[in-house]
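[1] Build the 3D model from these lines:
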Amino acid sequence: MPTKGEKYYVISSLGKGLRVLELLANHGELGVSAVAAHLQTNRAGCHRFLLTLRDLGYVEKTEDARYRLTFKVLELGMKKLNRFEIRYIARPLMQELSSAFGETVNLGHWDGRVIVYLDKIDSAEILRMDSGLGAVAPAYCTGLGKAILAFLPPEEITAYLRGVQLQPLTPHTITSAEALREELARTRARGFAVDNEELSLGLRCVSAPVFDYAGRSSFALSVSGPTQRMSESRIASMTVDIKNVCRRLSEKIGDSRSRRDATN
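    Presented below is the predicted three-dimensional model:
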């Protein structure tokens, strides 16, 4: 039975089981007592959840009686990623940018809250950006995020700003809603976004939006690298190629408009 104030359809046990998975994803290996403490629930109940998840193949028990996720969880995530056809369409165009600039190229997707990294081509350089597939990042302090946000309808930008906490991840992170609005206006006017050490110190990124069949900025491509190699002048020299590749990718996934203020 749902508790007071809870939606009638909520299955509490399912929700608790999923929270166990999320907890292990965030913390790695944990014992039963640690899981119970994190979830503020009883040890016996947590033990049953862990044993059920073990029998289903989603967690495994280590030699020191701790529990961790199995690759079955990763398989679910990869199946989701593989359903994004854009990954296969974008790959040759991402390779063009990789060959042209020798830096890491990223494909990001806006899921309504954060940026999800769908694909990437790593730089051959030792010093490079290292984000895993399926990783998420805030939209307000990434090139991918700002490139997408800038071209969303005004009401969606307003809703996003109302719901997000602009936390200072570095001294360069934009933490004012007004300042972020101004940055998004500049991004929209020039057709590309720049992350100037806003997500991580020592990392710069330049990105442009990719529009889907509905003309919506659901995706973006970026080129990222360390500040030593990504100078302002080099970033400026990349923008024409990046916008051109994003325009071509937009057309390939169904955005048939031949001219667009953002990419011309």
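
[2] just how off-centre is the one helix or strand residue 87 maps to within its chain?
    When secondary structure is defined by DSSP states H and E, residue 87 falls within helix 86-101. Here the centre of mass of C-alpha atoms in helix 86-101, compared against the chain's by C-alpha atoms, centre = their mean, to the nearest Å, lies 18 Å away.

[3] next structured bit after that helix?
    Counting by DSSP H and E, what follows helix 86-101 is strand 104-110.

[4] hey, C-alpha coordinates of stretch 137-149 in CSV?
    Output in CSV follows, covering the C-alpha atoms of stretch 137-149 (Å, rounded to 0.1, in the frame of the first residue of the first chain):
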residue,chain,number,x,y,z
ALA,A,137,27.7,16.7,-17.0
PRO,A,138,25.9,20.0,-16.1
ALA,A,139,24.7,21.9,-19.1
TYR,A,140,25.5,25.4,-17.7
CYS,A,141,29.2,25.0,-17.6
THR,A,142,30.0,22.8,-20.7
GLY,A,143,30.4,23.7,-24.3
LEU,A,144,28.0,21.0,-25.3
GLY,A,145,25.4,22.2,-22.8
LYS,A,146,25.6,25.9,-23.6
ALA,A,147,25.5,25.2,-27.4
ILE,A,148,22.2,23.3,-26.9
LEU,A,149,20.6,25.6,-24.2
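
[5] Show residues contacting that stretch.
    Under the criterion C-beta atoms under 8 Å, 6 or more residues apart in numbering, residues 106, 108, 110, 113-115, 117, 131, 157, 160, 164, 166-167, 169-170, 173-174, 180, 183-184, 187, 192-195, 198-199, 205-209, 217-222, 224 lie in contact with stretch 137-149. The way it works is simple: take the backbone N, C-alpha and C, and place the C-beta from them, glycine included.

[6] likewise stretch 66-80?
    Taking C-beta under 8 Å, 6+ apart as the criterion, the residues outside stretch 66-80 that touch it are 21, 24-25, 28-32, 35, 50, 53-54, 57-62, 133-134.

[7] In helices only, show me these.
    21, 24, 25, 32, 35, 50, 53, 54 (DSSP state H).

[8] among these, which ones are buried?
    When burial is judged by neighbour count using 16 or more other C-beta atoms under 10 Å, the buried members of the ones in helices among the contacts of stretch 66-80 are 24, 32, 35, 50, 53.

[9] Please identify which of the residues you listed is nearest to residue 7.
    The closest of those to residue 7 turns out to be residue 53 (C-beta to C-beta; 23.9 Å).

[10] you'd agree that closest one is up against residue 59?
    Yes - distance between residue 53 and residue 59: 4.4 Å, which falls inside the contact criterion (C-beta atoms under 8 Å).

[11] list the residues that contact both of those two?
    Between them, residue 53 and residue 59 share the contacting residues 20, 21, 67, judged by C-beta under 8 Å, 6+ apart.

[12] Residue 46: which of those residues is nearest?
    Comparing every one of the shared contacts of residue 53 and residue 59 with residue 46 (C-beta to C-beta), the shortest separation belongs to residue 20, at 7.0 Å.

[13] what's the closest non-adjacent residue to the closest one?
    Using C-beta to C-beta, 6 or more residues apart in numbering and skipping residues adjacent in sequence, the residue nearest residue 20 is residue 49, 5.0 Å away.

[14] just residue 87 next, same as before
    With sequence-adjacent residues excluded and distances taken as C-beta to C-beta, 6+ apart, residue 87 is closest to residue 119, at 4.8 Å.

[15] Report pLDDT for that neighbour.
    In this prediction, residue 119 carries a pLDDT score of 93.

[16] Quick one: residues contacting it.
    Each residue near residue 119 by C-beta under 8 Å, 6+ apart is listed here: 87, 90, 91, 94, 106, 107, 133.

[17] Name the member of these with the most neighbours.
    residue 106 (28 neighbours; other C-beta atoms under 10 Å).
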